[in-house]
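Undergrad: below is the sequence, then the predicted model.
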Amino acid sequence: LQAQVLVADAGRPEAWWQQASGGEPFDAILLDAPCTASGIVRRHPDVRWLRRPSDIAQLAAQQARLLATLWPLLRPGGRLLYCTCSVFRAEGDEQVQAFLANNSDAVLMPSPGHLLPGDAGEGGGVRENPSGEHDGFFYALLGKRPG
(Lines give C-alpha, C1' and ligand atoms only; values in the text may rest on other atoms or scores of the structure.)
Protein backbone atom coordinates (compact mmCIF):
# COMPACT_ATOMS: atom_id res chain seq x y z
CA LEU A 1 0.00 0.00 0.00
CA GLN A 2 1.00 3.56 -0.55
CA ALA A 3 -0.13 6.74 1.16
CA GLN A 4 0.50 10.42 0.82
CA VAL A 5 0.45 11.98 4.27
CA LEU A 6 -0.37 15.68 4.52
CA VAL A 7 -0.17 17.86 7.57
CA ALA A 8 -2.00 21.11 6.99
CA ASP A 9 -4.58 23.49 8.41
CA ALA A 10 -7.77 21.50 7.84
CA GLY A 11 -9.82 24.67 8.23
CA ARG A 12 -8.12 26.28 5.23
CA PRO A 13 -7.92 23.73 2.40
CA GLU A 14 -7.83 26.53 -0.17
CA ALA A 15 -4.24 27.13 0.96
CA TRP A 16 -3.00 23.59 0.23
CA TRP A 17 -5.52 21.25 -1.39
CA GLN A 18 -4.97 22.12 -5.04
CA GLN A 19 -1.20 21.89 -4.74
CA ALA A 20 -1.25 18.73 -2.60
CA SER A 21 -3.74 16.72 -4.64
CA GLY A 22 -4.15 18.52 -7.93
CA GLY A 23 -7.77 19.07 -6.96
CA GLU A 24 -8.44 15.32 -6.82
CA PRO A 25 -10.56 14.14 -3.88
CA PHE A 26 -8.87 12.05 -1.20
CA ASP A 27 -9.53 8.35 -0.64
CA ALA A 28 -9.28 8.77 3.13
CA ILE A 29 -9.00 11.57 5.66
CA LEU A 30 -8.01 11.40 9.31
CA LEU A 31 -9.46 14.27 11.31
CA ASP A 32 -7.87 14.30 14.74
CA ALA A 33 -9.97 17.25 15.83
CA PRO A 34 -9.08 19.85 18.46
CA CYS A 35 -10.99 18.99 21.62
CA THR A 36 -11.20 19.54 25.37
CA ALA A 37 -8.71 16.71 25.99
CA SER A 38 -11.05 15.50 28.74
CA GLY A 39 -10.10 11.91 27.96
CA ILE A 40 -6.49 12.34 28.97
CA VAL A 41 -7.03 13.83 32.43
CA ARG A 42 -5.60 10.66 34.00
CA ARG A 43 -2.19 11.42 32.43
CA HIS A 44 -2.52 15.21 32.31
CA PRO A 45 -4.46 16.37 35.39
CA ASP A 46 -3.79 20.02 34.53
CA VAL A 47 -6.46 19.74 31.79
CA ARG A 48 -9.07 20.25 34.54
CA TRP A 49 -7.74 23.73 35.21
CA LEU A 50 -6.99 24.64 31.61
CA ARG A 51 -10.58 24.21 30.41
CA ARG A 52 -13.76 26.14 31.08
CA PRO A 53 -17.32 24.83 30.65
CA SER A 54 -17.74 27.16 27.65
CA ASP A 55 -14.86 25.41 25.86
CA ILE A 56 -17.04 22.41 25.03
CA ALA A 57 -19.46 24.39 22.84
CA GLN A 58 -16.66 26.40 21.25
CA LEU A 59 -14.64 23.30 20.37
CA ALA A 60 -17.74 21.42 19.18
CA ALA A 61 -18.45 24.29 16.78
CA GLN A 62 -14.87 24.14 15.50
CA GLN A 63 -15.15 20.36 15.06
CA ALA A 64 -18.37 20.78 13.06
CA ARG A 65 -16.67 23.36 10.81
CA LEU A 66 -13.74 21.05 10.20
CA LEU A 67 -16.01 18.15 9.32
CA ALA A 68 -18.01 20.34 6.94
CA THR A 69 -14.84 21.74 5.34
CA LEU A 70 -13.10 18.40 4.82
CA TRP A 71 -16.10 16.33 3.71
CA PRO A 72 -16.21 17.80 0.16
CA LEU A 73 -12.53 16.85 -0.26
CA LEU A 74 -13.35 13.15 0.13
CA ARG A 75 -14.12 11.07 -2.95
CA PRO A 76 -17.38 9.09 -3.17
CA GLY A 77 -16.67 5.71 -1.59
CA GLY A 78 -13.95 7.28 0.58
CA ARG A 79 -13.71 7.22 4.37
CA LEU A 80 -13.13 9.90 6.97
CA LEU A 81 -11.99 8.90 10.46
CA TYR A 82 -13.12 11.50 13.00
CA CYS A 83 -11.48 11.29 16.42
CA THR A 84 -11.10 13.26 19.61
CA CYS A 85 -9.55 12.50 23.00
CA SER A 86 -12.73 13.64 24.70
CA VAL A 87 -15.26 11.83 26.86
CA PHE A 88 -17.95 14.45 26.22
CA ARG A 89 -20.82 13.41 23.93
CA ALA A 90 -20.92 16.92 22.41
CA GLU A 91 -17.48 16.26 20.94
CA GLY A 92 -18.20 12.67 19.96
CA ASP A 93 -21.49 10.94 19.34
CA GLU A 94 -23.60 14.13 19.24
CA GLN A 95 -21.14 15.68 16.79
CA VAL A 96 -21.32 12.69 14.45
CA GLN A 97 -25.10 12.38 14.69
CA ALA A 98 -25.50 16.06 13.75
CA PHE A 99 -23.10 15.60 10.84
CA LEU A 100 -25.01 12.56 9.58
CA ALA A 101 -28.32 14.46 9.84
CA ASN A 102 -26.92 17.21 7.62
CA ASN A 103 -25.08 15.04 5.07
CA SER A 104 -27.23 12.48 3.26
CA ASP A 105 -24.16 11.10 1.47
CA ALA A 106 -22.53 10.13 4.80
CA VAL A 107 -22.92 6.80 6.53
CA LEU A 108 -21.59 5.70 9.90
CA MET A 109 -19.42 2.62 9.43
CA PRO A 110 -18.65 0.13 12.22
CA SER A 111 -16.48 1.86 14.79
CA PRO A 112 -16.49 1.87 18.60
CA GLY A 113 -17.53 5.48 19.24
CA HIS A 114 -16.75 6.45 22.83
CA LEU A 115 -14.05 4.52 24.64
CA LEU A 116 -14.30 5.45 28.28
CA PRO A 117 -11.76 4.78 31.05
CA GLY A 118 -12.81 1.86 33.20
CA ASP A 119 -15.29 0.68 30.54
CA ALA A 120 -13.21 -2.21 29.19
CA GLY A 121 -15.62 -5.02 29.90
CA GLU A 122 -18.84 -6.18 28.27
CA GLY A 123 -17.90 -5.36 24.69
CA GLY A 124 -16.23 -2.04 25.54
CA GLY A 125 -13.75 -2.53 22.74
CA VAL A 126 -10.53 -2.28 24.75
CA ARG A 127 -10.15 -5.90 25.86
CA GLU A 128 -6.34 -5.82 25.57
CA ASN A 129 -6.36 -3.40 28.51
CA PRO A 130 -8.80 -5.05 30.92
CA SER A 131 -7.72 -3.07 33.97
CA GLY A 132 -9.24 0.10 32.49
CA GLU A 133 -5.92 1.94 32.56
CA HIS A 134 -6.58 3.71 29.29
CA ASP A 135 -7.56 7.18 28.21
CA GLY A 136 -10.99 8.31 27.11
CA PHE A 137 -11.33 8.61 23.38
CA PHE A 138 -13.89 8.85 20.60
CA TYR A 139 -13.69 7.81 17.02
CA ALA A 140 -16.16 7.27 14.23
CA LEU A 141 -15.54 6.04 10.73
CA LEU A 142 -17.68 7.88 8.20
CA GLY A 143 -18.12 6.57 4.68
CA LYS A 144 -19.10 8.68 1.70
CA ARG A 145 -21.78 7.00 -0.38
CA PRO A 146 -20.72 6.27 -3.95
CA GLY A 147 -21.97 8.89 -6.39
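TA: Yep, it's here. Numbers count the residues shown, from 1 in each chain.
Undergrad: could you use CA atoms for every contact and neighbour count after this?
TA: Will do.
Undergrad: check contacts around residue 107.
TA: Residue 107 makes contacts with 100, 142, 143, 144, 145, as judged by Cα atoms under 8 Å, 6 or more residues apart in numbering.
Undergrad: got the phi and psi for the last one?
TA: Meaning residue 145. With angles defined as degrees, to the nearest 10, residue 145 sits at phi -60, psi 140.
Undergrad: any idea which helix or strand comes after the helix or strand bottoming out on mean pLDDT in the chain?
TA: Ranking every helix and strand in the chain by mean pLDDT, DSSP states H and E puts helix 47-50 at the bottom, with a mean of 75. Reading on from helix 47-50 to the C-terminus, the next helix or strand found by DSSP states H and E is helix 54-70.
Undergrad: if we can go back for a sec, closest to residue 30 out of the contacts of residue 107?
TA: Closest approach between these and residue 30, by Cα to Cα: residue 142, at 10.3 Å.
Undergrad: how far away is the closest one from residue 10?
TA: Distance, residue 142 to residue 10, by Cα to Cα, to the nearest Å: 17 Å.
Undergrad: among the contacts of residue 107, which ones are buried?
TA: Among the contacts of residue 107, those classed as buried by 16 or more other Cα atoms under 10 Å are 142, 143, 144.
Undergrad: a markdown table for those residues, including secondary structure?
TA: Output for these, formatted as a markdown table (DSSP: H, G, I helix; E, B strand; the rest coil):
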| residue | secondary structure |
| --- | --- |
| 142 | strand |
| 143 | strand |
| 144 | strand |
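Undergrad: from those residues, which single one is nearest residue 53?
TA: Taking Cα to Cα as the measure, residue 142 is the one of those closest to residue 53, at 28.1 Å.
Undergrad: residues touching stretch 36-51, excluding its own?
TA: Counting by Cα under 8 Å, 6+ apart, 55-56, 59, 84-88, 116-117, 135-137 sit against stretch 36-51.
Undergrad: mind doing that once more with 7 Å?
TA: Around stretch 36-51, the neighbours that count as contacts under Cα atoms under 7 Å, 6 or more residues apart in numbering are 55, 56, 85, 86, 87, 135, 136, 137.
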